[in-house]
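Engineer: Quick one, structure for this:
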Amino acid sequence: MLVGLLLICLAAVSWGTTGATMTLLARDASAGPLLVGWARLAVAAPVLLLAAWISQRRAAIAVPATAPRPWTTADTARCLVLGAAMAAYQVCYFRAVTLTGVAVAALLAICSAPLMIALLAGALLQERLTPVVRLSLVMAVTGTALLVVGPRGLGEISGGFGLGALLALGAGLSYAVYAVAAKRLLVRMAPLPQAAATFTLAALLLSPVLLAERAVGAQLAAGWPLLLYLGLGPTAASYALFTIGLTRVPATLAGIATLLEPLTAATLGLLWFGESLGLAGAIGAALLLAALALLALAPSRRG
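Structural biologist: Modelled structure (predicted):
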């Protein structure tokens, strides 16, 4: 389980660079959030499709082909759910940021996701919440809340939430649905083909947002280096690592481990953009790291 947890942590650290990349794209290329969300999917999809094709060719050469189990309608439905959940996350999260600000959107989306994953995994995957997982979950969510709120203070995020808050919670739910559906489909589909199918479907579903964007060509031309990085690093490579790690780790633990994302984002903000964690943020970071260490050192148990 430790190797799987490490892979998921690496993916989360890479995801943590997304916010800094978005800031640079908005500043230097005037790129809109929905366009960036589509671009990262459009870049990642062909890369993952190629990687999946290569891995399957190598597997076919190394191991004699066996008759696969028949693909069912339920399997197709799960693939569609994965693609829809990934597309919905882009729309909900980036739109929520414009309505509530980064603090509120991140607090609601990132902190709610592990809780929703734990509930869905318990209901659909029969994963039992052991005492260690429960304690880690509480520590991780509390730490993330402090980490997000710490640099800004409660007063700045206590305004009206409205539609933006609902969209941020929708982003957390979208990610939870993705994680649980991916875990369930891994018994029928290898990690790389699953990730490739997910991002291809998500890119197709999100393509209509381009009709609402202005000067798409100019934005892509101005921001292509960062968009390329965003699609290859925090998207294609990271979700491949996450999916592979998910084969070794229960979905609930994976959801907790991904809370390294806001810790990475806060660190980049501190080093590159002159932000400050504050006392509450520092305590939150310590709680988050302690929760991850507790998970890594605890014996593996499955419900």
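Engineer: how about stretch 17-26: buried residues?
Structural biologist: Buried residues in stretch 17-26, defined by neighbour count with 16 or more other C-beta atoms under 10 Å: 17-22, 24-25. All C-beta atoms are positioned from the backbone trio N, CA, C, and that covers glycine.
Engineer: what bits of the stretch 151-300 of the chain have low per-residue confidence?
Structural biologist: The model of the stretch 151-300 of the chain has pLDDT under 70 over residues 151-162, 275-277, 295-300.
Engineer: Show me the strands in it, by range?
Structural biologist: Here the stretch 151-300 of the chain has no strands by DSSP state E, counting those that start in this stretch.
Engineer: and which of the buried residues of stretch 17-26 is nearest to Ala176?
Structural biologist: Nearest to Ala176 out of the buried residues of stretch 17-26 is Thr18 (C-beta to C-beta; 18.3 Å).
Engineer: Quick check, that closest one in contact with Leu227.
Structural biologist: No: assessed by C-beta atoms under 8 Å, Thr18 is found out of contact with Leu227, at 11.7 Å.
Engineer: Contacts only, for Leu226.
Structural biologist: By C-beta atoms under 8 Å, 6 or more residues apart in numbering, Leu226 lies in contact with 21, 24-25, 28-29.
Engineer: how does it look with 6 Å?
Structural biologist: Contacts for Leu226 (C-beta atoms under 6 Å, 6 or more residues apart in numbering) come out as 21, 24-25.
Engineer: Would you mind putting these into CSV with distance to Pro131 alongside?
Structural biologist: Converted to CSV, the contacts of Leu226 look like this (distance: C-beta to C-beta, whole Å):
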residue, distance to Pro131
Thr21, 38
Leu24, 43
Leu25, 43
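Engineer: and these, which of them are in helices?
Structural biologist: The members of these that map onto helices under DSSP state H are 21, 24-25.
Engineer: Gly32: what's it in contact with?
Structural biologist: With contact set as C-beta under 6 Å, 6+ apart, Gly32 has these partners: Glu213.
Engineer: And the pLDDT for it?
Structural biologist: Gly32 is assigned a predicted lDDT (pLDDT) of 81.
Engineer: what are the ranges of the helices in this protein?
Structural biologist: 2-15, 18-28, 33-62, 73-100, 102-124, 131-149, 162-185, 191-206, 216-231, 238-246, 251-257, 260-272, 278-297.
Engineer: so of those, which one's packed in deepest?
Structural biologist: helix 251-257 (a mean of 28; mean count of other C-beta atoms under 10 Å).
Engineer: Count the neighbours of Val187 for me.
Structural biologist: By the measure other C-beta atoms under 10 Å, the count of residues near Val187 is 8.
Engineer: what's the answer for Ser207, then?
Structural biologist: Neighbour count of Ser207, defined by other C-beta under 10 Å: 13.
Engineer: Skipping adjacent residues, who's closest to it in space?
Structural biologist: Distances taken as C-beta to C-beta, 6 or more residues apart in numbering place Trp38 nearest to Ser207, at 6.7 Å, with adjacent residues excluded.
Engineer: for Thr142, same thing?
Structural biologist: Leu287 (5.8 Å).
Engineer: Would you confirm that that neighbour contacts Met139?
Structural biologist: Yes: applying C-beta atoms under 6 Å as the test, Leu287 and Met139 come out as touching, 5.1 Å apart.
Engineer: anything in contact with each of those two?
Structural biologist: Taking C-beta under 6 Å, 6+ apart as the contact rule, Leu287 and Met139 have no neighbour in common.
Engineer: that older thread, please identify which of the ones in helices among the contacts of Leu226 is nearest to Arg78.
Structural biologist: Nearest to Arg78 among the ones in helices among the contacts of Leu226, with distances taken as C-beta to C-beta, is Thr21, at 30.1 Å.
Engineer: how close does the closest one sit to Arg40?
Structural biologist: Look at Thr21 and Arg40: by C-beta to C-beta, to the nearest Å, they are 9 Å apart.
Engineer: repeat for Val187
Structural biologist: To Arg40, Val187 is 28 Å away according to C-beta to C-beta.
Engineer: returning to what we had before: kindly provide the distance from the residue nearest to Thr142 to Tyr89.
Structural biologist: Distance from Leu287 to Tyr89, by C-beta to C-beta: 25 Å.
Engineer: Thr21 too?
Structural biologist: For Thr21, the distance to Tyr89 equals 16 Å [C-beta to C-beta].
Engineer: Then Leu227?
Structural biologist: 18 Å.
Engineer: Apart from its neighbours in sequence, what residue is nearest Thr23?
Structural biologist: Using C-beta to C-beta, 6+ apart and skipping residues adjacent in sequence, the residue nearest Thr23 is Phe273, 7.1 Å away.
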